[in-house]
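Asker: Fold the following, please.
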Amino acid sequence: MRHWPLPLGPTSETETNCEQITKLHSNRAGFKLSTMLRIQSSHLPRCLRATGKYWAPPVQASVTYRQASAASTSQDQTVNALPQQARVVICGGGIAGLSAAYNLAKLGETDVVLLEQGSFTCGTTWHAAGLVGVLRPHPLIFALSKMSANLYANLEEDTGLSSGYRKIGSVILAQTKDRMTYLKRAAALARARNIDHTLLAPSEVNSIVPWVRTDDLEGAIHILDDGVTDPTDTALSLARGAKNRGVKLVEGVQVKAVLSEDGKVSQVQTSLGDIQCDYFVNAAGQWGRDVGLMSRPIVNVPMHSTAHGYLVTKPLPGLDVKTPYVRDYDSLNYIREWSGGLMCGYFAPKAKPIFHDGIPEKSAFLSLPEDWDHFQYHLDGFLHRVPAADKMEVRQLFTGAECFTPDLMFLFGEVHEMRNYYLMTGFSSLGITMSGGLGQLLAELIVHGETSLGYWSVNPQRFSPQQNNKAYLRERVTEIEGTNYKLSYPFGQYKTGRKLRCTALYARLAQAGAVFGEMMGVERPKWYVEEGDTEEFVEDIQRGTFSKPGWFDMVKAEYWACRESVCVMDMSSFTKFQLEGKSATSLLQRLCPNDMDVPVGTVVHSGMLNEKGCYENDCSIARLGDERYFIVCPTIQQVKGFHWIARHLPKDGSVKLRDVSGQYTGLNVLGPKARDVLQKLTNTSLNTASFKPFCYKEINLGFCTGIHAMTITHAGEDGMLLYVPNEGAVHVFDMLMKAGRDYGIRPAGYHALRWLRVEKFYSYWGIDFNNEHTPFEIGREMRVKFDKGVEFIGQSALLRQQREGIHRRLVAFVMEDHKVDKDLWCWGSEPIYRNGQLAGMTTSSSFSPTLGSMLCLGWLNNTDPQTGQTQVVTHDYVTKAKYEIDIAGQMFPAKANLYPPKLVTKQPLHG
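Answerer: Residues are numbered from 1 along each chain as shown. Okay, the predicted model is just below:
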């Protein structure tokens, strides 16, 4: 396996300041980890920091490394001349950009130019650890991991240059009972996805990995399908394959600007000249944000670099190179064989942001100063887990740069700022694992205009512009890095980078006891604690669990208030648009499958579909006037939804679209007493005869005028959703709480809303379905009007699906024989079995106090187990079968329903 050049030791200035430490570093043959522990670890980094410099691999070593790479691929010399025109320009010669180039060429698109400011693999690829793990909870990440592994394993057959990929397997250790539950949930997914794996008792671990300590373990899982690859060889093999097919690869050229014309990519300006192009791919790694800032218009690429690394030891006699690598998640470490020794990589619980004021020039192969203080926690874990490490000699404590996004997921897809500008960056330490598969998706997107996998979860449009604030990113990434290995509980929330976007009622809600979560940077209440509850109590009930959560009783009380009296929910985070103009109605008729030419004062639920008939957006739309509409969408649609509507606006400017999300406070007043409370504050008649469900009125409440009132609640309960101008929000909230005092009014959070909506079978965009699913597949055929006289986008696809039948269906499940107080809960992503055969996955879940049972929503497929071919899902297929849901290896019976249970719908459902 080729090895990158390692820093040989500290600078001479450091040696003068720190003689004892210098001896250890300049003579690594005598540097044992046991010796390191006898020296106060805080001394070393102070000495290194005293120089005020980063120290990089010696230039000589870097040059030697590049020459060796060139020699090994002598026929792959890059093109020096820069073409003036290309169909696709890729910025970045790391593994991501090279995979994009290779896969584009494989699909026949060879009019491609790849630009690298330094040399191939510089940046972060050259110092990557090369792990390729396939067992990932998220379905997209799992699929991409498999695609990457398959590509790397077979790359040599196509290019003649080995990637160094080896399928050696991995072992994930569990030190706690909760971690073991996590592994059992992972094993359930592995079984469903045909990943070769075995759950291990502690006593079985040493038969696979003999050098790890096991007496403190609860268990482990052995994943036989995991592998490792050589990042440099893999990248260079991709480069050879791309060049052999005609792609132009240019090193030593900097991108200066990316320009647009008529909203589309038109030109890339570089240090060697300009290139006219149709598509631009930002695969610039940690420079990706800077490239975004160079673009015109500016493109938001939210990510920030941290100091990230690993320890490498000298060879350990007898170490088998085929030994699976180990992920000791609870120590935040991974351990793998490396050139006969061990590598211990880490994900710091509190990461160190770097380059906040800019990435240094000439930092292509930069390594940062060793920081033993920062590594101490991980060193302790390594020495504990590998007893033999105490006597091992250190080769290097390497620290390099890695970039992370605000939610740990990478950035892929078209940006909203200009057409044909794609991101493929921000990998958050998963660049090697993801790039092979993601390059295939990018090639599909550019060549075919669509992909074989849905990728909304990594679409850059999931972030608000505020989340590209660099100070916010610097704080958030301190937490993000460690999240890679920290135990991921359901509904977990980040603690850093909070209060980025606060609603007008934030202070009032906090005073009322709100426990906040955030979505797209917006703070919103999850639930409320009672007056007098201590901070320790609040902290305790937020501790993660896979079972009945600590907030159960609070949410249950809110639920019953919504069903029996009256509650107020702050729903200000929802996206809000205003659309108006002489052809606004015609536009919405084209965008929406439902009939939008309805009487003024009507509220319509409708999706907005793409040509495949799948949901690009899901909205509640109120008609305010003849050509005026107020559109309410999920929070996560603020950028994406606006972009989708805007790209379809008439070119003549006759229709105007405005994002008014930050101008209105959303108050959801719901429950059987909601209208009575509201009536005390207005002269407008609010009874059901004069203000029917799914209607809109502009009303006054107290002193506040111009309130958009809609008789929908997104929970299936009676009430109204009020959009109050922000300046009147505090007044209206205070008046509501005062007027509702005799009715037992109380605030409620989003967890209560989740319980209410799941039991009514209300599915949510981005949680239960997205732009891969059609109205027929989620049971909303009543919102598709083929006879409205206007052909809507996606109509042909839906007519075809109506004729041929659907091959999957979103279904509601009621858990049976499940003890809520004792058993593990269903939280989403649990396998669903139909008559003993895998048939789908859950998406979301809730507890229904009315039914006294857990409920789940989930996708049901009809796949022939012999041929793998999908077949039509019929009513009988859904209802006439035995179902079980696998929760961490325990099967629970469940009843499938296509409609909400009758017990929770005694009265007609409201919106």
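Asker: which residues touch Met343?
Answerer: Contacts for Met343 were tallied using CB atoms under 8 Å, 6 or more residues apart in numbering; they are 129, 310-313, 335-337. No exception for glycine: its C-beta is placed from N, CA and C like everyone else's.
Asker: Can you say which of those are buried?
Answerer: Burial by neighbour count, 16 or more other CB atoms under 10 Å: within the contacts of Met343 this picks out 129, 310-313, 335-337.
Asker: Can you report phi and psi for Asp787?
Answerer: Main-chain dihedrals, Asp787, degrees, to the nearest 10: phi -100, psi 20.
Asker: pLDDT value on it, please?
Answerer: Asp787 carries a pLDDT value of 96.
Asker: For the buried ones among the contacts of Met343, please prepare TSV with the additional fields secondary structure, pLDDT and distance to Ala812.
Answerer: Shown next, in TSV, are these (DSSP: H, G, I helix; E, B strand; the rest coil; pLDDT from 0 to 100; distance: CB to CB, whole Å):
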residue	secondary structure	pLDDT	distance to Ala812
Ala129	coil	96	43
Tyr310	strand	97	46
Leu311	strand	97	50
Val312	strand	97	52
Thr313	strand	96	54
Ile335	strand	98	44
Arg336	strand	97	44
Glu337	strand	95	48
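Asker: Turn the contacts of Met343 into TSV, columns for distance to Tyr279.
Answerer: What follows is those, written out as TSV (distance: CB to CB, whole Å):
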residue	distance to Tyr279
Ala129	31
Tyr310	36
Leu311	41
Val312	40
Thr313	45
Ile335	41
Arg336	37
Glu337	41
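Asker: Out of the residues you listed, which is nearest to Asn244?
Answerer: Minimum distance to Asn244 across these is 28.2 Å, recorded for Ala129 (CB to CB).
Asker: Next up, the contacts around that closest one.
Answerer: Listed by CB under 8 Å, 6+ apart, the contact set of Ala129 reads 231, 310, 334, 336, 343, 345, 432.
Asker: between those residues, which is closest to Asp821?
Answerer: Using CB to CB, the contacts of Ala129 come closest to Asp821 at Tyr334, 36.7 Å.
Asker: hey, where'd the strands end up in the stretch 51-200 of the chain?
Answerer: Listed in chain order, the strands of the stretch 51-200 of the chain (DSSP state E, counting those that start in this stretch) span 85-91, 112-116, 131-132, 170-174, 197-200.
Asker: Quick one: closest of those to Gly517.
Answerer: Of all the strands of the stretch 51-200 of the chain, strand 170-174 sits nearest to Gly517, with 27.3 Å by CB to CB.
Asker: The closest one - contacts with which helices or strands?
Answerer: Counting contacts by 3 or more CB pairs under 8 Å, 6 or more residues apart in numbering; DSSP states H and E, strand 170-174 is packed against helix 177-192, strand 219-223, strand 325-328.
Asker: Check which strands are paired with the last one and give the direction for each one.
Answerer: It refers to strand 325-328. Using DSSP bridges, strand 325-328 pairs in its sheet with strand 170-174 (parallel), strand 333-338 (antiparallel).
Asker: outside of the first one, which residues touch it?
Answerer: Contacts of strand 170-174 from elsewhere in the structure, counted by CB under 8 Å, 6+ apart, are 131, 133, 180, 182-183, 186, 200, 205, 208-209, 212, 217-223, 226, 324-330, 385.
Asker: tell me the angle it makes with strand 219-223.
Answerer: Relative orientation of strand 170-174 and strand 219-223, computed by axes from the mean of the first three to the mean of the last three CA atoms, to 10 degrees: 160 degrees.
Asker: Mean confidence (pLDDT) on strand 170-174, please.
Answerer: For strand 170-174, mean pLDDT rounds to 98.
Asker: got the angle between it and helix 177-192?
Answerer: Inter-element angle recorded for strand 170-174 and helix 177-192: 150 degrees (by the same axes, to 10 degrees).
Asker: between the buried ones among the contacts of Met343, which is closest to Leu838?
Answerer: Leu838 lies nearest to Arg336 out of those, by CB to CB, at 31.8 Å.
Asker: tell me which element the closest residue to His304 other than its chain neighbours is part of?
Answerer: Using CB to CB, 6 or more residues apart in numbering and skipping the chain neighbours, the partner closest in space to His304 is Leu473 (3.9 Å). Using DSSP states H and E, Leu473 sits within helix 470-483.
Asker: Show me what counts as buried in that helix.
Answerer: Quick answer for helix 470-483 (16+ other CB under 10 Å): 472-481, 483.
Asker: For the residues you listed, could you give me TSV that also reports distance to Glu611?
Answerer: Below are the buried residues of helix 470-483 laid out as TSV (distance: CB to CB, whole Å):
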residue	distance to Glu611
Tyr472	36
Leu473	35
Arg474	41
Glu475	41
Arg476	36
Val477	38
Thr478	42
Glu479	40
Ile480	36
Glu481	40
Thr483	37
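Asker: picking up where we left off before, give me the contacts around the helix holding Leu473.
Answerer: 302-306, 308, 332, 347-353, 356, 402, 404-408, 428-429, 466-467, 494-497, 500.
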